[in-house]
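1. starting from these lines, generate the structure:
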Amino acid sequence: MKRHTIFLPLTVLLFSLPLLTQPAVTAPAVRLSPTSLTFGLQVVGTVSAGQSVTLSNIGTGILNLTRIAASTGFKESANCGTSLKPGKSCTITVTFAPTAAGTITGTIKVYDNAKGSPQMVSLTGTAIRGIDQIQHIVYIIKENRSFNNYFGTFPGATGATSGPVSNGQTIPLGHTPDRVRDLGHGWGDANTAINGGRMNQFDLVAYGNINGDYMAMSQLYQSDLPNYWSYAQTYTLSDMTFSSLHGGSFPNHMYTIAADNFQSTSNPSNPGHPKFGYWGCDAPVGSAVTLTTSAGKTSSDWRRWVRSRRERARSLRLSSSSRPWTKR
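-> Okay, the predicted model is just below:
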């Protein structure tokens, strides 16, 4: 029997089905740079210069910002608004504002809709007392000069460029020469010049006005005192500080070292001394000073004054080391 092979065509039908695609996933992501800030020494009660932190949205969705918060001792300000589009950045400015001394640590926290919220920046700063910044105190004592004589024309200071004189006129302050005569500056001269608060008789102090030069009514300029003006511009100028006593060197030096003149209102005098008849703190033994009470009474009895001070010290139970004066 003969066999026959029959080939049947095989038809393959390919169906093209649409692919099932997932919806695109979008989400914000936060990057903070830098992630830590360190502040230098800062005086308590002051605010440092700002340091910047960049906040970037490196995700694919909109970053919604709820708030940005700083720890106690630090402050922040930002230009970020309430949202940040993908690929956009903004800046957070951080300052150090300590209220107590010591090492202060804290954070900036960013609250948002991104993973890992709140994101944080670490903060560190050292707070010190203002007094701790002072390393040296330089005490320059200038005698026989007024504020207006040195700094009357200093910009912004409460100074004067004119003043009243004894004849009732108000005159401009002249230019003080480089070398001046020894104008009167003792207890009597000061009270003459002040004239009960009228401040109109500076020309009547000893040698204050010779041949109409009104030297007591003059002042120096910045060009005359460039270094002093540089100190004032660089540091601090006090325009409302006055002499402790309207008198000579000795009683004011007493204020400098002891905050009291102990009723003395003159320089020590020793008329019989061949070299130092009238001088200040280095006066020789035997010198005397004039004492003026609050009632205006004066005395030159040094021994009585020293004795009264000793009696007062004993009554206050002060030790001998704390007595302001001893008689040699």
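2. below-threshold pLDDT in this protein: ranges please.
-> 1-24, 274-283, 294-328 (pLDDT under 70).
3. and the residue most central in space within it, helix, strand or coil?
-> For the chain, the residue nearest the mean C-alpha position is T236 (7.2 Å; Cα atoms, centre = their mean). Under DSSP: H, G, I helix; E, B strand; the rest coil, the three-state class of T236 is coil.
4. please report how far it lies from H253.
-> 23 Å (Cβ to Cβ, to the nearest Å). Heads up, the C-betas are built off the backbone N, CA and C, glycines and all.
5. could I get the full set of helices for the chain?
-> For the chain, the helices defined by DSSP state H occupy 147-151, 187-194, 226-234, 249-258, 302-315.
6. same for the fourth one, what does it pack against?
-> The criterion is 3 or more Cβ pairs under 8 Å, 6 or more residues apart in numbering; DSSP states H and E, and there are no helices or strands that helix 249-258 contacts.
7. flag every buried residue along that helix.
-> For helix 249-258, burial by neighbour count (16 or more other Cβ atoms under 10 Å) applies to 249-254.
8. equivalent analysis for the third one, please.
-> Of the residues in helix 226-234, 228-229, 232 count as buried by neighbour count, 16+ other Cβ under 10 Å.
9. which strands and helices sit next to that helix?
-> Looks like helix 226-234 contacts helix 147-151 (3+ Cβ pairs under 8 Å, 6+ apart).
10. next, count neighbours for T126.
-> Using other Cβ atoms under 10 Å, T126 has 15 other residues around it.
11. looking at strand pairing, list the partners for it.
-> Beta-bridge pairing of T126 under DSSP bridges involves L41, T103.
12. can you give the domain ranges for the protein?
-> Domain assignment for the chain, taken from automatic domain parsing, gives 30-133, 147-234, 249-322.
13. pull the CA atoms of stretch 259-269 into CSV?
-> The C-alpha trace of stretch 259-269 is given here as CSV (Å, rounded to 0.1, in the frame of the first residue of the first chain):
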residue,chain,number,x,y,z
ALA,A,259,37.6,106.7,93.2
ASP,A,260,37.6,109.4,95.9
ASN,A,261,39.5,112.7,96.5
PHE,A,262,39.1,112.5,100.3
GLN,A,263,38.1,116.2,100.4
SER,A,264,41.4,117.3,98.8
THR,A,265,40.9,120.0,96.1
SER,A,266,44.5,121.2,95.4
ASN,A,267,47.9,119.9,94.5
PRO,A,268,50.3,119.4,97.5
SER,A,269,52.3,122.5,98.3
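14. ok now that stretch, how far from the chain's centre?
-> In terms of Cα atoms, centre = their mean, to the nearest Å, the centre of stretch 259-269 is set 33 Å apart from its chain centre.
15. equivalent analysis for stretch 30-40, please.
-> Worked out by Cα atoms, centre = their mean, stretch 30-40 lies 30 Å from the chain centre.
16. next one: stretch 46-66
-> 33 Å.
17. repeat that for stretch 255-267.
-> How far stretch 255-267 lies from its chain's middle: 29 Å, per Cα atoms, centre = their mean.
18. same question, stretch 244-254
-> 28 Å.
19. what is the end-to-end distance of it?
-> 10 Å (Cα to Cα, to the nearest Å).
20. same question, stretch 58-67
-> Start-to-end, stretch 58-67 (Cα to Cα) is 19 Å.
21. give the buried residues for that stretch.
-> 59, 63, 65.
22. so what sits opposite the last one in the bridge?
-> Applying DSSP bridges to L65 gives these bridge partners: D112.
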